[in-house]
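K.L.:
Here is the input, now give the coordinates:
(one chain, ligands or ions: 1)
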Amino acid sequence: MPDRIPLSVPDLRGREAELLLGCVRDNWVSSAGPEVTAFENAMAQLTGRNHAVATVNGTAALHLALLAAGVKPGDQVVVPDWTFAASVNAAAHAGATPAFVDVREADWAIDPALVSEMLANHPTIRAVIAVDPLGHTADLDAVEAACASYGVPVIEDAAGAIGARYRGRPSGSGGTAAIFSFNGNKTVTAGGGGMLVTDDAALAEHVRHLSTQARPGDDYVHDMIGFNYRMTNVNAALGLAQYERLDEMVAARRAIAARYDEAFSGLAMVTRMPRPDYCESVSWLYSVRLPDETSARSLIASCDEAGVEARLFWRSLSAQIPWADTPRLLRGVSTALSGTVVSLPSSSSLGEQDQRRVIDTVTAWHDSLVGAEA
Ligand SMILES: Cc1ncc(COP(=O)(O)O)c(C=O)c1O
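P.N.:
Predicted coordinates for the structure are as follows:
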């Protein structure tokens, strides 16, 4: 039996070991060190932002972004109904209640028209989170335009979209602040980690302050209730080594997506994930949509038998236990996507032979079902 093909794993073929060894050699293993600053500078440059603050993970970055944007207990935060739980959890950590808005059929990203409608009816909304799904961005200009007339800040949750471009500008350039995740399944991993980027010096300073226990000096004096949210230098070293190969790793993910696109173009039951015209997607996690959950689960089971890891992607959040009584503005898209989107192996290290195995497995599954129906 050949090795199992994983969904999305770290691609550590650069200077990771060298930079990690440097941390140990130089005794920089905790939350201060040259790699933290270097990684922050690299991310500021990549996104064209003036400031970057490294955090322990993307959820922490989003939590601090919301606090710095002025979100307080009792406020509401608009969250797309189809995203990872971290987006809404961060709003809850800030003491806010989510107001869920549906995503669009065309891009599976937050619907700017529904954002406008939600803002018009809920004056206590204090921020809007625009999530970049699957490696492409939300329609950022449209979301920002919807929010501008209400003076409500947008936070771009670019957790999985490092390297993407929206109408020529980099992902992470949207909103008052944007965040990234360097979780193990992302294109660039730091083992674990996050980054907040912004052009607002005061906001960046505030986030840095909150992330280090709100301690203005070396003394044990604290002027606010802070958090221990700083990234360690070990994680930053890993992230920096990965960042050096960003272009190569993005190119690899795009090439995999192009190959899958072509191979699946004739499969009637398989709809390829959107790559909207307004964006150059990095195709972080290649996903397909099936007609219903039964066929999605059947595809996953066939992949499993063939040693190919495939997984159901996000589900509607408003339908889940913690959010039963929250406001929502839905048009059925998030519900239809729930349980029907299947992610396929997309690691940048995935070789041609393994890509072929994925393609053959999906195609054989499709032929067996279509054959059975005929
Ligand atoms: C859309 C989205 N937002 C936020 C996060 C949170 O990032 P982290 O896992 O680094 O906390 C993720 C993580 O996968 C994500 O997909």
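
K.L.:
Pick out the residue of the stretch 51-200 of the chain closest to the ligand.
P.N.:
Residue of the stretch 51-200 of the chain nearest the ligand, by CB to the nearest ligand atom: G58 (2.6 Å). (C-beta placed from N, C-alpha, C; glycine too.)

K.L.:
what's the neighbour count on the closest residue to that residue other than its chain neighbours?
P.N.:
Leaving aside its sequence neighbours, G58 sits nearest to S181 (CB to CB, 6 or more residues apart in numbering; 3.0 Å). Neighbour count for S181, taken as other CB atoms under 10 Å: 29.

K.L.:
T55 is in contact with S181, correct?
P.N.:
No. With contact defined as CB atoms under 8 Å, S181 does not reach T55; the gap is 9.7 Å.

K.L.:
How far away from the center of its chain is stretch 69-83?
P.N.:
Relative to its parent chain, stretch 69-83 has a centroid offset of 17 Å by CA atoms, centre = their mean, to the nearest Å.

K.L.:
Is it positioned near the ligand?
P.N.:
Yes. Counting by CB under 6 Å from any ligand atom, the ligand has neighbours in stretch 69-83: T83.

K.L.:
Ends of that stretch, what's the gap?
P.N.:
For stretch 69-83, the first and last residues are 21 Å from each other (CA to CA, to the nearest Å).

K.L.:
Now that stretch: average pLDDT?
P.N.:
Average pLDDT, stretch 69-83: 98.

K.L.:
Let the chain start at 341 from now.
P.N.:
With 341 as the first residue, the last one maps to stretch 409-423.

K.L.:
can you list the domains in the protein?
P.N.:
Here the domain assignment for the chain is 356-583, 586-713, based on automatic domain parsing.

K.L.:
ok, back up a step: shared neighbours, S521 and T395?
P.N.:
Common contacts of S521 and T395 (CB atoms under 8 Å, 6 or more residues apart in numbering): A401, G533, G534.

K.L.:
Narrow those to those in strands?
P.N.:
Among the shared contacts of S521 and T395, the ones falling in strands (DSSP state E) are G534.

K.L.:
who wins for neighbours among the shared contacts of S521 and T395?
P.N.:
Neighbour max across those (other CB under 10 Å) = A401, 34 neighbours.

K.L.:
Which parts of the stretch 591-714 of the chain are helices?
P.N.:
Remark: helices assigned in the stretch 591-714 of the chain by DSSP state H, counting those that start in this stretch are 633-645, 673-677, 692-713.

K.L.:
Among the ones you listed, single out whichever gets nearest to the ligand.
P.N.:
Nearest to the ligand, of all the helices of the stretch 591-714 of the chain, is helix 673-677, at 13.8 Å by CB to the nearest ligand atom.

K.L.:
That closest one close to the ligand?
P.N.:
No. In terms of CB under 6 Å from any ligand atom, no part of helix 673-677 sits within range of the ligand; the closest distance is 13.8 Å.

K.L.:
So what's the gap between that helix and the chain middle?
P.N.:
Going by CA atoms, centre = their mean, the spacing between the C-alpha centre of helix 673-677 and its chain's C-alpha centre is 19 Å.

K.L.:
Show me what it is in contact with.
P.N.:
By CB under 8 Å, 6+ apart, helix 673-677 touches 420-422, 442-445, 448, 451, 629, 653-654, 656-659.

K.L.:
Among those, which one sits closest to L639?
P.N.:
For those, the minimum distance to L639 (CB to CB) is 10.8 Å, reached by R629.

K.L.:
Tell me how many other residues crowd the residue nearest to the closest one when sequence neighbours are not counted.
P.N.:
Leaving aside its sequence neighbours, R629 sits nearest to T611 (CB to CB, 6+ apart; 4.2 Å). Using other CB under 10 Å, T611 has 15 neighbouring residues.

K.L.:
Output the set of residues of the stretch 391-540 of the chain in proximity to the ligand.
P.N.:
Going by CB under 6 Å from any ligand atom, the residues of the stretch 391-540 of the chain near the ligand are 397-399, 402, 423-424, 426-427, 471, 497, 499-500, 521, 523, 534.

K.L.:
Find the nearest non-adjacent residue to the residue in the stretch 591-714 of the chain positioned nearest to the ligand, please.
P.N.:
Distances between the stretch 591-714 of the chain and the ligand by CB to the nearest ligand atom are smallest at W654, namely 8.3 Å. Among residues not flanking W654 along the chain, W422 sits closest, at 5.4 Å (CB to CB, 6+ apart).

K.L.:
and what of V681?
P.N.:
F653 (4.1 Å).

K.L.:
tell me the contacts of that neighbour?
P.N.:
Taking CB under 8 Å, 6+ apart as the test, what F653 contacts is L474, L625, S627, L677, V681, V682, S683.

K.L.:
Can I get those residues in JSON lines including distance to W705, neighbour count and pLDDT?
P.N.:
As requested, the contacts of F653 are exported to JSON lines (distance: CB to CB, whole Å; neighbours: other CB atoms under 10 Å; pLDDT from 0 to 100):
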{"residue": "L474", "distance to W705": "21", "neighbour count": "27", "pLDDT": "96"}
{"residue": "L625", "distance to W705": "19", "neighbour count": "25", "pLDDT": "98"}
{"residue": "S627", "distance to W705": "16", "neighbour count": "27", "pLDDT": "98"}
{"residue": "L677", "distance to W705": "20", "neighbour count": "22", "pLDDT": "98"}
{"residue": "V681", "distance to W705": "16", "neighbour count": "24", "pLDDT": "98"}
{"residue": "V682", "distance to W705": "11", "neighbour count": "22", "pLDDT": "98"}
{"residue": "S683", "distance to W705": "15", "neighbour count": "22", "pLDDT": "98"}
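
K.L.:
All set now, cheers.
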